[in-house]
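Peer 1: Following is a predicted model, sequence given first.
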Amino acid sequence: MKALIVEQVAGRNEMKPGEYPDPKAKEGEVLVKIEATALNRADLMQKEGKYPPPKGVTPILGLEMAGTVEKLGSKVKGVSVGDRVCGLLPGGGYAEYSTIRADHVLKIPETFSFEEAAAVPEVYLTAYQAAIWLGKLAKSETILIHAGASGVGTAAIQLVRELRKARIITTTGSGLKCELTASLGSDLCINYNDENFGLSIQDTFGENCVNVIIDFVGSPYWEKNMNVLAMDGRVVYLSFLGGTKVKEMNLSPILRKRLTIMGSTLRNRSDEYKSELVAAFKKDTETLFEKEKLKPIIDSVFDWKDVEAAHDRMKNNLNAGKIILNGM
């Protein structure tokens with residue numbers, strides 16, 4: 001099959017079209033002809049050799065896909081040849097074909113294109129896991145979503161708006177991105193280039209008012225996160241794009257406010273965990289996608305041969321929403 005392969009060009013790792021052995025559907029799996037995939041920051045890290053795939057997983061990049069089921073492995077239930085599906089992958093999305101466990105797939109709503117469907121699995125499942133499963137966001141609580149205009153950020157806003165009727169605070173890096181998060185349901189958006197988000201939150205909603213924080217940034221936000229959290233507040237770290245080391249860390253808020261600090265990734269979770277997550281997500285959201293109350297935000301669509309331009313757009317933080325590759 002055709003696939004995008006990492007090659008070294010003038011001392012830099014780049015994606016080039018090439019060939020790779022066709023995957024075979026094993027017991028409980030389906031073979032999907034991929035029509036679209038979506039970018040994630042993990043792709044950039046893996047391309048640079050900083051995020052190797054889990055043991056036994058294909059080296060082909062790509063953590064999600066949308067396409068059509070072409071073949072069924074043995075003992076597959078609930079999925080048929082010809083079904084339009086999307087799903088979360090441990091790797092392999094930058095290719096013509098991929099296999100995926102049948103209990104990991106999501107059926108694509110009739111109104112969705114393959115490009116829209118490819119923008120669903122990674123961000124919505126990550127956001128659902130962070131806010132609902134780990135953060136345990138309750139009805140009408142307050143959540144702070146950093147990187148609110150990112151793929152996970154835009155998905156999280158929609159999910160907590162629909163599932164928990166939450167009060168939503170977001171941070172972004174521009175006025176336009178703040179407008180986007182406001183249009184999705186954010187009650188307060190803070191441009192971190194212009195304002196101190198900790199002070200802005202306190203001025204607007206009072207001290208110690210945030211119940212759950214979803215953070216991708218890490219060390220630069222540690223102190224302000226601790227300051228705005230309410231009693232029994234929860235923080236879920238999904239990455240540390242701003243750094244991992246905090247100087248002169250004050251741990252007292254963790255005891256004083258009874259805080260819970262968590263970190264999570266999805267890629268290296270067990271198949272059983274992912275199956276349970278997908279099942280819970282389907283139960284809570286299936287009708288919301290059909291009614292388009294949940295709808296992925298697409299920043300841009302690139303032909304897969306232009307993957308380097310797509311990667312550069314993400315690397316330079318130019319995207320608001322998901323970047324899609326098609327034309328496999």
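Peer 2: Right, received. Where do you want to start? Just so it is clear, the model here is predicted, and its values are computed rather than measured. Numbers count the residues shown, from 1 in each chain.

Peer 1: The residue nearest the centre of the chain: what's it in contact with?
Peer 2: Geometric centre of the chain, nearest residue: Val123, 2.6 Å, by Cα atoms, centre = their mean. Val123 is in contact with Ser150, Gly151, Val152, Thr154, Ala155, Pro296, Lys322, counting by Cβ atoms under 8 Å, 6 or more residues apart in numbering. Every C-beta, even on glycine, is put in place using the N, C-alpha and C of the backbone.

Peer 1: Would you mind measuring from it to Ala149?
Peer 2: Taking Cβ to Cβ, to the nearest Å as the criterion, Val123 is separated from Ala149 by 12 Å.

Peer 1: Distance of the nearest residue to Leu89 once chain neighbours are set aside relative to Ser74?
Peer 2: The spatially closest residue to Leu89, leaving aside those adjacent along the chain, is Leu63, at 5.5 Å (Cβ to Cβ, 6 or more residues apart in numbering). Leu63 sits 26 Å away from Ser74, going by Cβ to Cβ.

Peer 1: now do Met249
Peer 2: Distance from Met249 to Ser74, by Cβ to Cβ: 52 Å.

Peer 1: Of all pairs in the contacts of Val123, which one is the farthest apart?
Peer 2: Using Cβ to Cβ, the contacts of Val123 span at most 12.0 Å, a distance reached by Ser150 and Pro296.

Peer 1: quick one: which of the two has more around it?
Peer 2: Counted by other Cβ atoms under 10 Å, Ser150 and Pro296 do not tie: Ser150 has more neighbours, with 29 against 23.

Peer 1: Helices along the stretch 151-300 of the chain, start to end?
Peer 2: For the stretch 151-300 of the chain, helices defined by DSSP state H, counting those that start in this stretch occupy the ranges 151-164, 175-184, 197-205, 222-228, 252-256, 271-290.

Peer 1: who's in contact with Ser113?
Peer 2: By Cβ under 8 Å, 6+ apart, Ser113 lies in contact with Ala36.

Peer 1: pLDDT score assigned to it?
Peer 2: At Ser113, the predicted lDDT confidence score is 97.

Peer 1: Check Asn268 too.
Peer 2: pLDDT at Asn268 comes out at 88.

Peer 1: Next: the one 4 residues further on.
Peer 2: Confidence at Glu272, expressed as pLDDT, is 96.

Peer 1: measure it to Pro90 for me?
Peer 2: The gap separating Glu272 from Pro90 is 14 Å, by Cβ to Cβ.

Peer 1: Of these two, which one has the most company?
Peer 2: Pro90 (20 against 9).

Peer 1: Looking at the helix or strand encompassing Gly87 now, give me its mean pLDDT.
Peer 2: Per DSSP states H and E, Gly87 falls inside strand 84-88. Across strand 84-88, the average pLDDT comes to 97.

Peer 1: Going by residue numbers, what spans are helices in the stretch 1-150 of the chain?
Peer 2: Under DSSP H, counting those that start in this stretch, the stretch 1-150 of the chain gives helices at 41-47, 114-118, 121-128.
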